[in-house]
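**Q** everything below, folded, please.
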Amino acid sequence: MSESGKQQGETRPPVGFREMATQGGHRLGVATLDAQATLNALSLEMADLLAARLDAWAADPAIALVVLEGEGRALCAGGDLRSVYREMHDHRGDGPPRRVARFFEREYGLNHAIHVYPKPLLCWGGGIVMGGGMGLMMGASHRVVTETSRLAMPEIVIGLFPDVGMSWALNRMPGKSGLFLGLTGATLQAADALFAGWADYHIPQSRKQQVLDALARQDWAGERRTDDLLLHDVLDACHVAPEPAQGPLRRNLDTVAALCRAPTLDDVIGAILQYEGADPWLEGARDALAKGSPSTARLAWELQRRTRHMSLAQVFQLEYQVALWCCTRGDFQEGIRALLIDKDRQPAWKATHGTEVGTAWADKAFRDMAADFPVPASLRTLAG
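**A** Down below sits the predicted model:
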């Protein structure tokens, strides 16, 4: 449980689990993130609970389908940054705090497990889905957004980088949109989430219980391909076109491509910062980059290039090393302080854009990561 949850006297666990009987005798496993005081921010405890239950359901032949949802206004607004900050702030020593390293190890292992899960996994991405929430959603076999959905990888404002496997996912987005979103942390709503490949269905939030009831009425086969198709049919029957049908990413795709077409990061950043159009979404993205961490921008740029031909497992392994570097030598602690602890929104970044975080800086940083932060066995053995 988060510290804020304890202060409010909450006693229920931060993740709830239940099983629903179905018409054919199989069961549905439903996992509900329920740390509403932190918008379901993912903690080490929550990641441990989710990983253990997903493993158990994967091995249970009576479970035909898993549903992942969040209680309240978010699926998951990111990682439990306040807990991570306390560990980093109080840590004495050269390496990363042990619990922080364990958190990233467990989180990335959980993200990978969702990508390769052996049964249909429906993620209901209503409300805020950001950072660590994207890591839970992206790998699900069936992903729903609603009129309340707000999706983003806003690490530029906290000095981390687009992690949780998003180095892999951003590379697979249309045009230069993945690079743009990684550099600016711009938010997508339902229409753009569908366009970008971050979601598969748009269903009104008010119909969520109707969907669950329909799932319980199905005669599940317990066979992956058949049940995947059956789940699609249920969700597709409830799918409605979002309004508006096109979001700002799709409307501005040509502009995004033009802003990001240069072959160097400095030129791309310069083009975005010089944007003088009248589109409020692009203006917000420009301003976020201007105020964000230069090291995050460089890491996002480098990761999209260095991971282009990597497997998903290799991406998670590299992201683990980059995350620990950010905790010990990067801007992560300062970014959390400015945004969530002191809330002054005046981070003192360690570098500015340009040569201070140029290619030579990046080459050294990645050499240091490989030498100083060995990948734990649990991530070395990921398949695929």
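
**Q** which stretches of the stretch 201-350 of the chain form strands?
**A** Secondary structure of the stretch 201-350 of the chain (DSSP state E, counting those that start in this stretch): strands at 201-202.

**Q** and Ala258, what does it touch?
**A** Ala271 (Cβ atoms under 8 Å, 6 or more residues apart in numbering). No exception for glycine: its C-beta is placed from N, CA and C like everyone else's.

**Q** and if you look at Cys76?
**A** Neighbour list for Cys76: 33, 39-42, 70, 128-133, 136 [criterion: Cβ under 8 Å, 6+ apart].

**Q** and Arg98, how many neighbours?
**A** 11 (other Cβ atoms under 10 Å).

**Q** ok, which stretches of the stretch 51-200 of the chain are helices?
**A** Counting by DSSP state H, counting those that start in this stretch, the segments of the stretch 51-200 of the chain that form helices are 81-90, 98-115, 132-137, 166-170, 177-184, 190-196.

**Q** now, the contacts of Cys76 that are in strands?
**A** Assigned to strands by DSSP state E, the following of the contacts of Cys76 qualify: Leu33, Gly70, Ile128, Val129, Met130.

**Q** any idea what the first one is bridged to?
**A** Taking DSSP bridges, one obtains Val15, Gly70 as the residues bridged to Leu33.

**Q** ok, the last one next?
**A** Residues in a beta bridge with Met130, per DSSP bridges, are Ala152.

**Q** i'd like the first residue to be 31 from this point on
**A** Understood, numbering begins at 31; the last thing we discussed is Met160.

**Q** any idea how far Cys290 is from it?
**A** As judged by Cβ to Cβ, to the nearest Å, Met160 and Cys290 stand 21 Å apart.

**Q** against Trp250, how distant is the closest residue to Glu386 other than its chain neighbours?
**A** Leaving aside its chain neighbours, Glu386 sits nearest to Pro324 (7.0 Å; criterion: Cβ to Cβ, 6 or more residues apart in numbering). Distance, Pro324 to Trp250, by Cβ to Cβ: 50 Å.

**Q** one more: Pro43?
**A** 27 Å.

**Q** pull out the buried residues from stretch 204-224.
**A** By 16 or more other Cβ atoms under 10 Å, the buried positions in stretch 204-224 come out as 206-224.

**Q** just to revisit the earlier point, which of the contacts of Cys106 lies closest to Arg57?
**A** For those, the minimum distance to Arg57 (Cβ to Cβ) is 20.1 Å, reached by Leu63.

**Q** any idea how many residues pack against that closest one?
**A** Leu63: 26 neighbours (other Cβ under 10 Å).

**Q** isn't it up against Glu75?
**A** No: taking contacts as Cβ atoms under 8 Å, Leu63 lies outside contact range of Glu75: 11.6 Å.

**Q** the more surrounded of Pro43 and Trp250?
**A** Using other Cβ under 10 Å, the more surrounded residue of Pro43 and Trp250 is Trp250, with 24 against 14.

**Q** what's the closest residue to Trp331 other than its chain neighbours in contact with, if anything?
**A** Nearest residue to Trp331, sequence neighbours excluded (Cβ to Cβ, 6+ apart): Leu295, at 4.5 Å. By Cβ under 8 Å, 6+ apart, the residues touching Leu295 are Ala327, Arg328, Trp331.

**Q** looking at those residues, spot the one nearest Arg359.
**A** Closest to Arg359, out of all of the contacts of Leu295 and judged by Cβ to Cβ, is Arg328, at 13.2 Å.

**Q** pull the contacting residues for the closest one.
**A** When contacts are counted by Cβ under 8 Å, 6+ apart, Arg328 touches Leu295, Val387, Gly388, Trp391, Ala392.

**Q** surely the second one touches Ser325?
**A** Which is Val387. Yes: here Val387 lies in contact with Ser325, judged by Cβ under 8 Å, at a distance of 5.4 Å.

**Q** who touches both of those two?
**A** Shared contacts of Val387 and Ser325, defined by Cβ under 8 Å, 6+ apart, are found at Ala381.
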